[in-house]
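[1] Sequence first, predicted coordinates after that:
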Amino acid sequence: MGNSFEKVFIGNAGSAGGAGLDIDNVFSTFVYDGAQTTLVVNNGIDLATEDGITWVKCRNASEDHFLFSSLQNSDGQTLFLKPNETNAANGTNGISQTSTGFSLGGGEGLTNQINKQYVSWTFRKAPKFFDIVGPFTGNGLDDRVLSHNLGSTPGMVIFKRTSSGTSAQGTWFTHHRSSGFSGGLSLNGTESAGYTIGSPITAASDTNVTINNPANNGNVNADGATYMAYLFAHNDSGDGEFGPDGDQDIIKCGSYTGNGSSTGPVIDLGFEPQWVMVKNSSAAGGWQIMDSMRGIVTGGGDGRLQAQANAAESTPSFIDLTSTGFQVTSTGSNMNTNNATYIFMAIRRGPLAVPDDATKVFDIQLQSNADTYSVGFPTDLILLNKRGGSSANTYVGSRLTGDTKKLSTSTNAAEATYSSYWAFDLQNSFDQGASTSSAWVGWHWKRAPGYFDAVAYTGTGSNRTVSHNLTVPPEMMWVKGRTLASDWRVYHKSTGNTKQLRLNESAAASSEPYWNNTTPTSSVFSLNSNARVNGSGETYIAYLFATAPGVSKVGIFNHSNGTASNVDCGFSNGARFVLVKRSDGTGNWFVWDSVRGIVAGNDKRLALNTTGAENTGNDDIDPLNAGFTWVATWSTGYYIFYAIA
């Protein structure tokens, strides 16, 4: 996933990196298929200059975890460690860090095997996020002070002996702020905090950590042994120094108490995470690792790996993401035993900047017989239309709702379930699944501030607000019940907070109190108690759209029959996607795009609210550099629109 937003922050970034950087500059979850040929992973993170670690795990087979950085042995081989093992560091050829990620040689059998699927998690050194101390040589003395450049008191610190020793000495000794200085953990083990080891440190500050007496913690400072220390920050209340104003938090290390219920604890992070690691610290339990790239599905299975185990990925239902954190949905000991204490580390979903290049957040693809095709970014929302025949439905899916769920914009039907209908766990591509026997068009969105957001929520049956991460007031919202047959309810800023439209119908805007007569804000949207948008216990998905200057435009225009209407969207090279609906009268939700053709002549038109085949016999819109031109022959009236450059 490239750094398309990086230039927004360069002026704010310090020489060491940190303040003003985006999440995508310092952390990446990147999935790839092994090839046994040279494989270059461009995740947009500069590891050549700033250094960091990359942690790799095979997803579809029982293979060890591998962690590597710039550390090399005397033969110039990259040294790697296994988080699930106590082995000393070993060397391998073919792995190297680059200015845009890392590369793997064709002979790299550890992390690049044919027919194997992998996930990589990259942490770049940056103040208030992550730091590496080492390699350092132990001196066997008590209370040794190690300096670091994290710029804040660490939330979690992991020590690993890299030289040979006993199995106990090779433990990944771990300190977590929530367990204190008496509750040590082992990353490669399942023990509760302090069960076999004390904390590897006795004190910590924003500049140093103090190593505990080596006789009491299993040797994190044995005389002559070599070690690495990995330090993870804990941002608190806006001291993270990330984002356009250098005041955003991106990493939290905390704890929660289990309640043993499928309606588990709700953890408020102040942000939606993309990566979560959880460990039962009061009893034996594994280190559960989930990320939204592999899939954290609301109401479904989550892609789970365990740091201490070499097992392949499984898909238990552990957590649901919220706009401000996550909720535990499992009742098992791994995540939610009643009264048990669980520690976690969570990393925020990015980016933090408003996009300035529409090609990085929106893509159009025409397909007929290809299951997997290039998009250029991970897809968060897909609208997929079968262009021909009498059943040209527009199917809707999202990363939040997962690979087996779909809705249709032409019906009020509840969410349907299919086995592997499509696949979202692809880095820069999309897998359309088995539905490729006809000509299709796919419209793909990526979530980004000020542009597009998606929110999955459960209704309460009472007037309420729902949090979102659009960072600006939504100008258009599509809301659909997932568990009930209910029309798509649409809010549009131009029709106001007392009216609604229906995406699956052609009717004009009508007065309804679904939005509780309240205009959305930059952090929440309001709902009344009606079951169509907020029924008690029902689940919903909401898609939120906004005007991002030069990228997208939500608006309305007044058209007079007989006169062409030039619609200025603030674009420089015209619109690639246009959605138009008459709001003061009957009219379909028509869609045009530049791949199928927006030309000075007949255009290829689809309607989201019907199943009709693509219409090719009308001249509807014409190109305009600033946006698009609505042709003269359309009826007089008001038309709402949504356009993307």
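    That came through fine.

[2] least trustworthy helix or strand in this structure by mean pLDDT?
    Ranked by mean pLDDT, DSSP states H and E, the weakest helix or strand in the chain is helix 214-217, scoring a mean of 54.

[3] Now do the helix or strand encompassing M477: which elements does it pack against?
    Assigned by DSSP states H and E, M477 belongs to strand 476-481. If you count contacts as 3 or more Cβ pairs under 8 Å, 6 or more residues apart in numbering; DSSP states H and E, strand 476-481 packs onto strand 489-492, helix 531-534, strand 539-545. For the C-beta atoms, the positions are set from N, CA and C on the backbone; glycine is no exception.

[4] Reformat these as TSV; add mean neighbour count and distance to D206.
    Output for the helices and strands packed on strand 476-481, formatted as TSV (neighbours: other Cβ atoms under 10 Å; distance: least, Cβ to Cβ, whole Å):
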stretch	mean neighbour count	distance to D206
strand 489-492	24	45
helix 531-534	22	44
strand 539-545	23	37
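
[5] Tell me which of these approaches N558 most closely.
    N558 lies closest to strand 489-492 among those, at 14.8 Å (Cβ to Cβ).

[6] Mind listing residues that contact the closest one?
    Residues outside strand 489-492 that contact it (Cβ atoms under 8 Å, 6 or more residues apart in numbering): 474-480, 497, 500-503, 509, 512, 514-515, 520, 525, 532-533, 554, 556, 583, 640.

[7] Quick one: the strands in the stretch 201-350 of the chain, in order.
    Counting by DSSP state E, counting those that start in this stretch, the stretch 201-350 of the chain has strands at residues 201-204, 208-211, 226-232, 251-257, 266-268, 273-280, 287-291, 304-306, 319-322, 325-328, 341-348.

[8] okay if I get these as CSV plus mean pLDDT and mean neighbour count?
    As requested, the strands of the stretch 201-350 of the chain are exported to CSV (pLDDT from 0 to 100; neighbours: other Cβ atoms under 10 Å):
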stretch, mean pLDDT, mean neighbour count
strand 201-204, 93, 20
strand 208-211, 95, 21
strand 226-232, 97, 22
strand 251-257, 98, 21
strand 266-268, 98, 16
strand 273-280, 98, 24
strand 287-291, 98, 24
strand 304-306, 98, 24
strand 319-322, 98, 24
strand 325-328, 98, 21
strand 341-348, 98, 24
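
[9] out of the ones you listed, which comes closest to N112?
    Nearest of these to N112, taken as Cβ to Cβ: strand 304-306 at 18.0 Å.

[10] hmm, back to that, looking at the strands of the stretch 201-350 of the chain, which is nearest to G388?
    Taking Cβ to Cβ, strand 319-322 is the member of the strands of the stretch 201-350 of the chain nearest to G388, at 36.6 Å.

[11] who does that closest one pair up with?
    Partners of strand 319-322 in the sheet, by DSSP bridges, are strand 325-328 (antiparallel).

[12] who does the strand or helix carrying S70 pair up with?
    According to DSSP H and E, S70 maps onto strand 66-72. Using DSSP bridges, the strands paired with strand 66-72 are strand 52-58 (antiparallel), strand 78-81 (antiparallel).

[13] rounded to a whole number, what's the mean pLDDT of that strand?
    For strand 66-72, the mean pLDDT works out to 94.

[14] Can I get it as PDB, trimmed to CA atoms?
    This file holds the C-alpha atoms of strand 66-72, laid out as PDB (Å, rounded to 0.1, in the frame of the first residue of the first chain):
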ATOM      1  CA  PHE A  66      10.100 -15.100  11.600                       C
ATOM      2  CA  LEU A  67      11.300 -11.600  12.700                       C
ATOM      3  CA  PHE A  68      14.100  -9.800  11.000                       C
ATOM      4  CA  SER A  69      15.600  -6.300  10.900                       C
ATOM      5  CA  SER A  70      18.800  -4.700   9.600                       C
ATOM      6  CA  LEU A  71      20.800  -6.800  12.000                       C
ATOM      7  CA  GLN A  72      23.400  -9.000  10.200                       C
END
